[in-house]
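[1] Whatever this is, show me its structure:
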Amino acid sequence: MTCSIGAITHDDNNVVVDAEKCNYCMECIPVCPTGSIDEWRVVNTAYTLEDQFGFEELPEQQDIDTGSSDEGGMDAAIAAMLDEAHSGAGGKARAPVSAAKPETNLYTAAKPVVATIQGSYRLTGEDSDSDVRHIILNFEGQPFPVLEGQNIGIIPPGSDDEGKPHLPRLYSVSSPRDGERPNYHNVSLTVKREAGGVCSNYLCDLKMGDKVNVTGPFGTTFLIPDDPEARLLMICTGTGSAPMRAFTMRRQRTVGAKSGGMTMFFGARTPDSLPYFGPLSKVPESLLKQHLVYSRVDGQPKEYVQDRMMQEEDEVAEILADPNTHIYICGLRGMEDGVERAFTNIAESIGQQWAALRDAMRDEGRYHVETY
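    Below you'll find the predicted structure:
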């Protein structure tokens, strides 16, 4: 009923898309009542209607050529990138049972929403070689419902070396659902300036009052449980702290001392390069127990989050054994192997086989990975 050009049809089993009619407008996305549209597959060559009507399960995600310059290709590339970012070891995660249902794809590359820069603040020390900024976007009354753990796309202006429009770059939101400022529904991002980074430099150079094109929201699984008894184990590096900040602020505003507890292992090169170092010192341990880990402090041995996890083996083991625990891992993809090894060793100490425990937690919506 939503598709104005009749590209969507169905039989008794499957709802399918006729690729010969579809114009990639994405108007069908936010209204789907079943959630099925969240389980799309991006393809280089469309499946026929006969193929789709015959599906008993969705096929595996294909390898995607993201070089398309049209708007539909842009949104397909975003979906593929996000699916890959959210997979982690062992497969795709599920959303927590108690999580709020997210809105997705309200704004596309073809029809972005324009936001205004409300603030841009450097989070790392002036002497640090890492320029990380806290950037606040104001949507000025335009609807942009976004949950903690979701991503938004930023479209940098101009075109690439081949003359094609830039693809949107994805950033995790670092503010809770009611806004950076309560009930103002503005959205904050944690952005690290990367040498040669088209979008990161664009964002970090924006001034108050500048306009920016935004797509999304994206993401349906890396979400916080609304159950106040849920226990969160958060492991992050660098700007992977963005969703963890949003989770923490959500808990501060909603459940406070009634929280089931949060523990975070947060890694950076030095204290000066650790985003939100100052604000973290003001979060009480009764809400968030922090393990801040540094790998490049002069005169000290290198330490990574997996090293501290092993040092705190008893604490982590007790958390793993709790059926109310939800695990969130966010940061550079290179951190995954070390964290997996630490979990393997710690799980064995309590007589558990980590792969089996991890897969069971994933099936229950309690294990979540977002690496890039």
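
[2] what comes into contact with the longest strand anywhere in the chain?
    Using DSSP state E to define each element, the chain has its longest strand at strand 113-122. With contact meaning CB atoms under 8 Å, 6 or more residues apart in numbering, strand 113-122 is reached by 106-107, 131-140, 142, 144, 186-187, 204, 206-215. In this view, the C-beta of every residue, glycine as well, is placed from N, C-alpha and C.

[3] try it again with 6 Å
    Residues outside strand 113-122 that contact it (CB atoms under 6 Å, 6 or more residues apart in numbering): 107, 133-139, 142, 186, 206, 208, 210-212, 214.

[4] I'd like to know which of those are buried.
    107, 133-139, 186, 206, 212, 214 (16 or more other CB atoms under 10 Å).

[5] In helices, which of those fall?
    Counting by DSSP state H, no part of those is found in helices.

[6] among those residues, which are in strands?
    133-138, 212, 214.

[7] want to try a markdown table for those, with pLDDT and distance to Asn345 as columns?
    Shown next, in a markdown table, are these (pLDDT from 0 to 100; distance: CB to CB, whole Å):
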| residue | pLDDT | distance to Asn345 |
| --- | --- | --- |
| Arg133 | 96 | 37 |
| His134 | 96 | 35 |
| Ile135 | 97 | 38 |
| Ile136 | 97 | 41 |
| Leu137 | 97 | 41 |
| Asn138 | 96 | 46 |
| Val212 | 97 | 44 |
| Val214 | 96 | 42 |
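
[8] Switch these over to a markdown table; also include distance to Ser4.
    Formatted as a markdown table, those follow (distance: CB to CB, whole Å):
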| residue | distance to Ser4 |
| --- | --- |
| Arg133 | 41 |
| His134 | 40 |
| Ile135 | 36 |
| Ile136 | 36 |
| Leu137 | 30 |
| Asn138 | 31 |
| Val212 | 29 |
| Val214 | 24 |
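
[9] Closest one to Gly158 out of these, please.
    Taking CB to CB as the measure, Val212 is the one of those closest to Gly158, at 13.2 Å.

[10] quick one, what contacts the closest one?
    Counting by CB under 6 Å, 6+ apart, Val212 touches Ala115.

[11] where's it relative to Asn186, distance?
    Per CB to CB, to the nearest Å, Val212 is found 13 Å from Asn186.

[12] Look up the pLDDT of Asp12 for me, please.
    We have a pLDDT of 87 for Asp12.

[13] Give me the neighbour count for it.
    Using other CB atoms under 10 Å, Asp12 has 5 neighbouring residues.

[14] got any ranges where the stretch 251-372 of the chain has weak pLDDT?
    257-259 (pLDDT under 70).

[15] can you give me the mean pLDDT across the longest strand of the chain?
    Here strand 113-122 scores 96 as its mean pLDDT.

[16] Over to stretch 237-244?
    94.

[17] List the buried residues of that stretch.
    For stretch 237-244, a neighbour-count test (16+ other CB under 10 Å) marks 237-244 as buried.

[18] Which members of these occur in helices, if any?
    With DSSP H as the criterion, helices contain 241-244 from among these.

[19] Dump those residues into a markdown table; add distance to Leu58 as well.
    Converted to a markdown table, these look like this (distance: CB to CB, whole Å):
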| residue | distance to Leu58 |
| --- | --- |
| Ser241 | 33 |
| Ala242 | 30 |
| Pro243 | 26 |
| Met244 | 31 |
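
[20] Tell me the confidence at Pro96?
    Listed pLDDT for Pro96 reads 96.

[21] Next up, the contacts around the nearest residue to it once chain neighbours are set aside.
    Spatial nearest neighbour of Pro96, excluding adjacent residues (CB to CB, 6 or more residues apart in numbering): Pro225 at 3.8 Å. Contacts for Pro225 were tallied using CB under 6 Å, 6+ apart; they are 96, 98-99, 326.

[22] which of the residues you listed tops the neighbour count?
    Counting by other CB under 10 Å, top hit in the contacts of Pro225: His326 with 26 neighbours.

[23] I appreciate the help and will end here.
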